[in-house]
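Q: take this sequence and fold it.
(one chain, ligands or ions: 1)
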Amino acid sequence: MNKYSLVSIADLNKDELLALLERARYFEEHPNQKILDGKVVATLFFEPSTRTRLSFETAVNRLGGRVIGFYDASTTSSSKGETLHDTIKMVSNYVDLIVMRHYLEGAARWASEVTDIPVVNAGDGANQHPSQTMLDLYSIYKTQGRLNDLTITMVGDLKYGRTVHSLLMAMSYFNPTFNFVACKELQMPEEYLKFCDEHGIKYTITTDFSPEIINASDIIYMTRVQRERFTDIMEYERVKNLYTLRNDMLANSRDNLRILHPLPRVNEIAYDVDDNPKAYYFDQARNGLYARQAIICRALGIDPLNNKPSNAQ
Ligand code: CP
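A: Prediction:
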């Protein structure tokens, strides 16, 4: 496995997270430059995406690199039975970095182990979404002015939502307090509760998205119920609309509260929230460009602050 691969947010220690945030801020100020001249990046999307793929591709383009790839695996030789192993081996012949989204948990780890070039996980099933976490951390830092000692309320599909799994782990360095708000079918999985226990992270578990919880939050992180992960569609129909944030629910919330959502939203946030200054989800998605520019540079061993190959991270 290439040492610059980013498969799980756990691949990064605290210093590496902070270094990426510093570089994301640098790219927000300097988004257009030619530091990837001569580099080719593959974006292999076996699952649908709007933000992740387009922001990764924009990140490469704005830094002067080139992109190849696919977003419809049915047009590739995987539809003829080619294995993921062989696909990764082949693409590795052509590019300097692979960015991959796959519907199977563990697929990104597997891909990273069959190639010498770096692999960045753009989401693997219900498991991890580390680049989303970097833009989430950047968004939290920008809006709160700090990462330490925040109360973060995660709402919706905490079982299948890979973004909340990655974010929970990353926040372990920063003494968070979590409120996990979900119906009993979509609660935070036991392994992540165990992670909290092992890292001394405070949390509550509730099915009630109450005014008390909203008014005590610095961040409310809404999530979509992930229809594509359900084997029982009737269960999806039963739970899909249980939690919707409306503007009137924010009347007594903290001044510093910001509403995040990895997007796409379906019914989790009413449109009347969009005009509230506490709504931050579209800005959050824009931050993805800068965070992914930082991730790409790290994966290619380039430090934008020195503009030369670096082992510093
Ligand atoms: N947040 C996120 O992963 O969005 P996409 O599925 O559109 O990439």
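Q: where along the stretch 51-200 of the chain do the strands fall?
A: Assignment of strands within the stretch 51-200 of the chain using DSSP state E, counting those that start in this stretch yields the ranges 66-70, 97-102, 119-124, 151-155, 177-181.
Q: is it possible to export those strands to JSON lines including mean neighbour count?
A: Yep, even glycine has a C-beta here, placed from its N, CA and C like the rest. Converted to JSON lines, the strands of the stretch 51-200 of the chain look like this (neighbours: other C-beta atoms under 10 Å):
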{"stretch": "strand 66-70", "mean neighbour count": "16"}
{"stretch": "strand 97-102", "mean neighbour count": "26"}
{"stretch": "strand 119-124", "mean neighbour count": "27"}
{"stretch": "strand 151-155", "mean neighbour count": "23"}
{"stretch": "strand 177-181", "mean neighbour count": "23"}
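Q: dump the ones you listed to CSV, plus distance to P31.
A: Conversion of the strands of the stretch 51-200 of the chain to CSV gives the following (distance: least, C-beta to C-beta, whole Å):
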stretch, distance to P31
strand 66-70, 16
strand 97-102, 18
strand 119-124, 19
strand 151-155, 28
strand 177-181, 32
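Q: nearest to the ligand, out of those strands?
A: With C-beta to the nearest ligand atom, the closest approach to the ligand among the strands of the stretch 51-200 of the chain belongs to strand 119-124: 5.8 Å.
Q: can you spell out the domain ranges of the chain, please?
A: For the chain, automatic domain parsing gives the domain ranges 9-129+288-307, 130-285.
Q: hang on, T163 packs against H261?
A: No: T163 lies out of contact with H261 (C-beta atoms under 8 Å); the separation is 9.2 Å.
Q: any residues in contact with both of these two?
A: 221, 223 (C-beta atoms under 8 Å, 6 or more residues apart in numbering).
Q: quick check: angle from the longest helix seen in the chain to strand 119-124?
A: Counting residues, the longest helix found in the chain (DSSP state H) is helix 281-299. Angle of helix 281-299 versus strand 119-124, following axes from the mean of the first three to the mean of the last three C-alpha atoms, to 10 degrees, is 150 degrees.
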